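Undergrad: Prediction below, plus the sequence it came from.
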Amino acid sequence: MATTAFPHRKRVVLLGATGSIGENTLRVIAAHPDKLELVAIAARGNWEKLAAIARTHGVRHVGLFDDTAFAAARANPAAFPPGTHLVGGLAGLVELAQLPAADIVLVAVVGTTGLEPALAALAAGKDLALASKEILVLAGRQVLAAAAASGAKLLPVDSEHSAVFQCLEGHPLSTVRRVTITASGGAFRDWPVERLAQVTPADAVKHPNWSMGPKITVDSATLANKGLELIEAQCLFSLRPEQCAAVMHPQSIVHAIVEFNDGAMLAQLGPPSMTFPIQHALLYPERAPGTEAPLDFSKLLSLEFRPIDEARFPMLRLAREAMLAAGGAPAVYNAANEIAVAAFLAHQIPFLAIPRVVEHTLDRLTFSSPSDLPSILALDQAARRLARLEIVNHKS
């Protein structure tokens, strides 16, 4: 792959700066001060941490989604660099995503909040580094159309999709037989099935390999994250549902495998750290020394793969069914899962109720393929309302 020299440091907008993806992105930017410049940051509500980031990196465009946090930040201007332009709410995130000075926007906000900023960035011709898998699950067709219309690049940040992206480069889609992404199995991969009924939120947020936020860590334990990633891979790489597969790989070193029509396979390997896919997206198409040490094959290294038991992980089965149903089904799957995970983390439902809430929501909601952003958001809200009703019924 040819590399190109940038005419200037690539200017980055980071939406979701205070989360785990944001923290790793800041590490990558700090490691490459001659190649990357942080020009805008945003977070949901942690304004004090955001202010510290702004001071450290000299950022003067700052956004807060939460109204209360935005008001607190406005009341403490001295916490930010002099001359900071502070914006609030969804409109503020959209404004930052379209910042004229920016070259690339990395969207790492949890859930569907990042959809409108992502579309705005693409419409403004900004390259989009996408870490929020829910955006493509909710509105993949619209996101791809926006990228095609503006000519902006859509660069995956999820480790699995970054791996597929790298393996596919230079290979026509017609030569691809199957794409397989790997799953660590999450916190309970080795627990006896009968123990799962006693799982607590504190148990579920302890991932064996990765350091991530609570929602995605729970998704890893249910394998909803893998279901969302299969849906995202189908959209991002124009695959058929039957071309998308997942396999259990406890070491989280092989991130994806692409099988070609002749039986040959390409795999992408790397340590279980998000700095690798983040750096690939931000510096693409250039390769530069990594933020962390690579794998060391002079040391003992074993790689284990095993099939996934979908009876143990019903969220993966439900994702496959949503892929086959197409239309708005993936969006309903995503919305119901978000509500169910939030209820579990709030001690409102048990761990094993998460897939039941999602399945009942999928079964009971009539949906068609949404054609525009308002209808997408309306379907998302309808699924959330029904999922909340399922949770109330479960508690009663």
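TA: That came through fine. Residues are numbered from 1 along each chain as shown.

Undergrad: from here on, contacts and neighbour counts on C-alpha atoms
TA: Noted.

Undergrad: quick one, domains of this protein?
TA: The chain breaks down into these structural domains: 10-157, 170-270+311-322, 326-396 (assignment by automatic domain parsing).

Undergrad: Quick check: which of those is nearest to Glu292?
TA: When the domains of the chain are compared by C-alpha to C-alpha, domain 10-157 sits nearest Glu292, at 9.4 Å.

Undergrad: same question for the closest one, mean pLDDT?
TA: Mean per-residue pLDDT for domain 10-157: 96.

Undergrad: Then stretch 334-349?
TA: 94.

Undergrad: Buried residues in that stretch, which are they?
TA: 334-345, 348-349 (16 or more other C-alpha atoms under 10 Å).

Undergrad: now stretch 321-330
TA: 321-323, 326, 328-330.

Undergrad: Span of it from start to end?
TA: 9 Å (C-alpha to C-alpha, to the nearest Å).

Undergrad: how far is that stretch from where the chain is centred?
TA: From the chain centre to the centre of stretch 321-330 is a distance of 19 Å (C-alpha atoms, centre = their mean, to the nearest Å).

Undergrad: Where do the strands of the stretch 1-150 of the chain begin and end?
TA: 10-15, 36-43, 61-64, 85-88, 104-107, 127-130 (DSSP state E, counting those that start in this stretch).

Undergrad: how close does the closest residue in space to Val59 that isn't next to it in sequence get to Ala245?
TA: Distances taken as C-alpha to C-alpha, 6 or more residues apart in numbering place Val39 nearest to Val59, at 5.5 Å, with adjacent residues excluded. Separation of Val39 from Ala245 (C-alpha to C-alpha) stands at 38 Å.

Undergrad: Would you work out how far apart the start and end of stretch 61-71 are?
TA: Stretch 61-71: ends 16 Å apart by C-alpha to C-alpha.

Undergrad: follow-up on the earlier one: so between Val39 and Ala245, which is more surrounded?
TA: Set Val39 next to Ala245 and count neighbours by other C-alpha atoms under 10 Å: Val39 wins out with 22 against 18.

Undergrad: Am I right that the more buried one is in contact with Ala54?
TA: No: the pair Val39 / Ala54 is not scored as a contact, 9.3 Å apart, by C-alpha atoms under 8 Å.

Undergrad: list the residues that contact both of those two?
TA: Residues touching both Val39 and Ala54 by C-alpha atoms under 8 Å, 6 or more residues apart in numbering: Arg60.
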